[in-house]
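Undergrad: quick one: sequence and predicted model below, then my questions.
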Amino acid sequence: MPGGRLTQHERRQIALGLADGLPYAEIARRLERPTSTITREVTRNGGPLAYRADLAHRATERRAQRRRPAAPGPAQAHPQPYGRDSQAVAAYEEQLTTVLMGSGLNRMGARVVTCLSTTDAGSLTAAELAQRLQVSPASISKAIAFLESQSLVRRERDERRRDRYIVDDELYYQAVISSARANDKVIETARQGAAVLGPDTPAAVRLENIARFLAFISESIVRAAEEAREVLHATTDATPADERARPRHDG
């Protein structure tokens, strides 16, 4: 299979070719492999005089076994407050992650946003995220860097001087504004192109229409976000369920 790992049969063909005194290039041609693959294979397994197909194959399997990452452990079951159903919460988290991926986030970024959004505190440290998601700290760091660049999370230092990553109401407003403002450079460049191509030419008219369309959309989004911002900070009657269920005694 050209391009894949050498098979035991191919290694035996290499050994036969070496025994016949064939150059590496000819062995590679017969196996439809790059010459560099044959050179590397023979060199790392004793050279042309000591090469043995079966020994080379077993050595390769041992190297692959050492490199193979450990299978990820099962996701930790986190105690759920407020009497929540753990299985229902896990299913919802997977659903939200899938929706966020559909909106353009990669899987790890979507998992981080989901984890933060479904945590009552709305904030976790990198170590807590890595533990909850059962991934490496490097994966969390990479995801956080992207999410911060998109204004989808923010960081704060806690009392122990640890970075905590936060998703709150204001971030969604900032993300919408950031997305709308991302069109500004496109609008500016389109209008520059219209000037370069000459007024009233078909190409210039097209670019100007694009600029006008994007400008209208951006202004509408910003205006709507400003008007709706109070919704993010609106408070609802958060009376605990046990208090709502308690009978009242008037007078």
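TA: Sure, I can see it. Numbers count the residues shown, from 1 in each chain.
Undergrad: mind giving me the domain ranges of the protein?
TA: Following automatic domain parsing, one gets these domains for the chain: 8-67, 84-167, 176-232.
Undergrad: turn those domains into CSV, columns for mean neighbour count and mean pLDDT.
TA: (Glycine included, C-beta is placed from N, CA and C.) Shown next, in CSV, are the domains of the chain (neighbours: other Cβ atoms under 10 Å; pLDDT from 0 to 100):
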stretch, mean neighbour count, mean pLDDT
domain 8-67, 15, 88
domain 84-167, 15, 87
domain 176-232, 14, 88
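Undergrad: for residue 76, give me the pLDDT.
TA: Here, the pLDDT recorded for residue 76 equals 51.
Undergrad: and residue 7, by the same measure?
TA: Value listed for residue 7 in the pLDDT field: 90.
Undergrad: the chain should start at 8 in everything you say after this.
TA: That works, and once the first residue is 8, the last one we named lands at residue 14.
Undergrad: how much space between it and residue 234?
TA: Using Cβ to Cβ, to the nearest Å, we find residue 14 at a distance of 66 Å from residue 234.
Undergrad: who does the lengthiest helix in the chain touch, helix- and strand-wise?
TA: Of all segments of type helix in the chain, defined using DSSP state H, the longest is helix 209-239. Counting contacts by 3 or more Cβ pairs under 8 Å, 6 or more residues apart in numbering; DSSP states H and E, helix 209-239 packs against helix 176-188, helix 190-204.
Undergrad: between helix 190-204 and it, find me the angle.
TA: Angle of helix 209-239 versus helix 190-204, following axes from the mean of the first three to the mean of the last three Cα atoms, to 10 degrees, is 170 degrees.
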